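In: Please find the sequence and the predicted model below.
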Amino acid sequence: LSQGTFSPGRHGAASVPRKLVVHAEVAVIGAGAGGVAAATALAEAGRRVALFEEGRHWAPKDFRPDTTFAFRHLYQARGARSSRGNMVMPLPGGRGVGGSTLINSAICFRCPDPILDHWRDGLGCSTLERDRFGRYFDRIWQTLGVTVQSLDIQRLNNIVFRDGAEKLGLKAEFLPRSAPGCAGCGVCQYGCPTGGKSSVDRTFLVEALATGNVGVYADCRMTTAITEGDRIIAVEGELLDPETQEPIGTVRVEADAFVLSGGPIGSPLFLLSNRLADDTHCGAHLVVHPTTSGMARFPFEIRPWHGVTQGCYVDLWERGYLLQTYTVTPDQYFALLPTMMGEETMSYMKDLRFMGSAGALIHDEDSEGRVQVTPVGPDISYFLGEGDRQRLVEGLRKVGEVFFAAGALEFLPARLGGGVVRTVGEIEAALPLDMPAHHLVTYASHPMGTCRMGATSESSVVDPHGRVWGWKNLVVADASVFPTSLGVNPQVTTMAMGLMIGETLAGGLG
Ligand SMILES: Cc1cc2nc3c(=O)[nH]c(=O)nc-3n(C[C@H](O)[C@H](O)[C@H](O)COP(=O)(O)OP(=O)(O)OC[C@H]3O[C@@H](n4cnc5c(N)ncnc54)[C@H](O)[C@@H]3O)c2cc1C
């Protein structure tokens with residue numbers, strides 16, 4: 001590659017000059033669910049697209065089932081990203097060509113109709129038509145090969161949880177997943193080692209590259225927007241050493257239009273640090289689907305590290321939450337035993353093969369989160385609201401009830417200062433509805449809403465086409481444009497937003 005060229009195909013630090021200059025019709029920043037979908041729509045419409053990603057290219061053979069390796073290479077902030085507030089919550093996100101889809105559990109939900117209708121009719125996002133999104137969801141289902149895994153791949157953690165829920169008369173189902181080749185090894189969060197998962201780098205991006213219109217530049221962290229009037233004329237950044245993640249060169253892209261797809265933490269940070277939006281709405285309204293969880297000891301072997309990572313769910317959407325199973329590796333399990341010390345912890349470690357695991361994910365309604373730029377770096381805050389806190393406790397209680405219905409001997413809710421629950425009758429006392437937020441052990445991997453879409457610049461960061469208010473040629477296409485929390489796992493809705501925003505931008509370029 002020489003300076004100033006556009007070259008289709010996959011590139012990285014090893015194959016580009018240390019002073020990389022690229023010219024394209026459209027530059028996309030961030031190669032996750034939203035960015036790759038937008039790039040695909042643009043490329044299919046004949047636009048020349050340069051896609052920049054701070055992480056590297058991955059192939060299944062390069063992943064290792066090792067937490068330290070995965071955190072170091074595949075996670076934002078090396079796995080240490082978290083929010084402060086009335087509790088401290090890990091907030092993991094992916095890094096690499098494929099973004100968070102590299103490490104996600106592949107669960108697929110279409111955006112629920114009531115949510116899409118509310119965004120369109122209640123909040124003025126006129127482009128979010130049911131028919132149009134229905135077409136995107138069909139395309140996504142097909143491109144990702146969404147399917148439900150068979151019983152032999154699900155394995156016991158998922159099967160036992162489904163059986164327990166059915167005994168209680170709850171609606172329990174195996175989850176549709178973007179993992180048509182899933183082998184049930186239970187390590188989606190480390191990158192799929194068999195290639196069975198359809199992360200966007202292995203699906204949409206392959207289709208986009210086949211057009212000959214896309215160049216993907218890995219190892220490029222884009223930081224600085226160069227503006228002229230109400231247009232962005234270039235974006236500059238650093239070329240990174242993929243091992244150390246230290247800068248080894250510079251990058252500059254000049255384009256007619258720019259798509260920001262750094263995800264709901266990266267995109268508002270880019271806009272705020274470049275003063276492309278003020279902080280009235282940009283970075284505000286962070287919602288995350290807070291999750292809490294529990295383990296249960298059974299009189300028979302479950303082997304919770306085996307099977308589909310997250311295979312079964314119980315639909316309690318009307319009450320504001322879903323229950324979902326998850327697999328645990330021994331080191332993750334150890335980290336989930338915060339209430340015990342010494343001998344007791346070791347007894348549960350010894351019995352890991354008898355443990356089942358599941359959690360509750362809530363639709364955040366009254367919590368307040370924000371992403372900010374500060375002199376010492378990014379600041380992420382999230383204050384769990386009263387209603388959301390109660391829904392988390394209710395969801396966690398329900399997880400315990402399902403486990404006992406399935407035949408569990410004990411339930412270990414992930415709460416600080418709590419003990420072991422030995423009967424279903426003890427659940428309420430162990431998990432009082434007024435327990436403080438910081439007693440819950442929480443986790444969230446679905447940030448959304450920090451560049452929200454809306455009808456006016458007074459109420460939002462981007463217009464119904466994804467265009468940043470005040471800028472002619474800058475759109476945002478990722479989960480940050482969701483106007484509110486979604487209530488179901490967000491990758492499919494993010495891809496649909498990417499397709500819609502990319503398609504519209506392609507049509508508007510002239
Ligand atoms: C552990 C985990 C499990 C999950 N499980 C599921 C699931 O089962 N089902 C589901 O629906 N959802 C799941 N999700 C959520 C889902 O993957 C995300 O909602 C979705 O990927 C968001 O897409 P995005 O485009 O907004 O951001 P991402 O996919 O996170 O992509 C953003 C990309 O931008 C890059 N980037 C950021 N800033 C810059 C910059 N300045 N320059 C260059 N590159 C930059 C990042 O490195 C990253 O690769 C999970 C997420 C995680 C972390």
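Out: Received it, and whenever you're ready, just let me know what you need.

In: Now the chain against the ligand: closest residue?
Out: Of all residues in the chain, G32 sits closest to the ligand, at 1.8 Å by Cβ to the nearest ligand atom. Placement of C-beta: from N, CA and C, glycine included.

In: wait, that residue sits on N104?
Out: No - between G32 and N104 there is no contact under Cβ atoms under 8 Å: 9.9 Å.

In: Find residues that contact each of those two.
Out: Residues touching both G32 and N104 (Cβ atoms under 8 Å, 6 or more residues apart in numbering): G94.

In: Dihedrals phi and psi, the closest residue to the residue of the chain closest to the ligand other than its chain neighbours?
Out: Nearest non-adjacent residue to G32, counting by Cβ to Cβ, 6 or more residues apart in numbering: G99, 2.0 Å away. Per-residue torsions, G99: phi 60, psi -140 (degrees, to the nearest 10).

In: Can you report how many residues lie near G99?
Out: Counted with other Cβ atoms under 10 Å, residues neighbouring G99 total 33.

In: That one and F383: what is the separation?
Out: Distance of G99 to F383, computed by Cβ to Cβ, to the nearest Å: 27 Å.

In: how about the residue of the chain closest to the ligand, what does it touch?
Out: 94, 98-101, 200, 261, 263, 478, 494.

In: please redo it, this time with the cut-off set to 7 Å
Out: G32 is in contact with 94, 98-101, 261, 263, 478, counting by Cβ atoms under 7 Å, 6 or more residues apart in numbering.

In: and what of F133?
Out: Neighbouring residues of F133 by Cβ under 7 Å, 6+ apart: 111, 116, 496.

In: ok, now with 8 Å
Out: Counting by Cβ under 8 Å, 6+ apart, F133 has contacts 110-111, 116, 496, 500.

In: Of those, just say which sits nearest to R275.
Out: Nearest to R275 among these is M500, at 27.2 Å by Cβ to Cβ.

In: Just the pLDDT for the closest one.
Out: Note for M500: predicted pLDDT of 98.

In: Under the pLDDT cut-off, which ranges of the stretch 51-200 of the chain? List them.
Out: Scanning the stretch 51-200 of the chain for pLDDT under 70 picks out no residues.

In: what residues does it put near the ligand?
Out: Within the stretch 51-200 of the chain, the positions lying close to the ligand (Cβ under 6 Å from any ligand atom) are 52-55, 92-96, 99-101, 103-107, 189.

In: Determine the longest helix present in this structure.
Out: helix 386-405 (DSSP state H).

In: sorry, back to before: from the residues of the stretch 51-200 of the chain next to the ligand, list the buried ones, please.
Out: Among these, those scoring as buried are 52-55, 92-96, 99-101, 103-107, 189 (criterion: 16 or more other Cβ atoms under 10 Å).

In: so who does the nearest residue to A444 once chain neighbours are set aside touch?
Out: With Cβ to Cβ, 6+ apart as the criterion, A444 has its nearest non-adjacent residue at 3.7 Å, and that residue is V288. V288 makes contacts with 83, 89, 91, 364, 367, 369, 382, 444-448, 485, as judged by Cβ under 8 Å, 6+ apart.

In: Among those, the buried ones, what's the PyMOL command?
Out: Only the buried entries of those go into this PyMOL selection, using 16+ other Cβ under 10 Å:
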select buried, resi 83+89+91+364+367+369+382+444+445+446+447+448+485
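
In: Show me the contacts of V288 that map onto strands.
Out: Among the contacts of V288, DSSP state E puts 83, 89, 369, 382 in strands.

In: Thanks a lot, catch you later.
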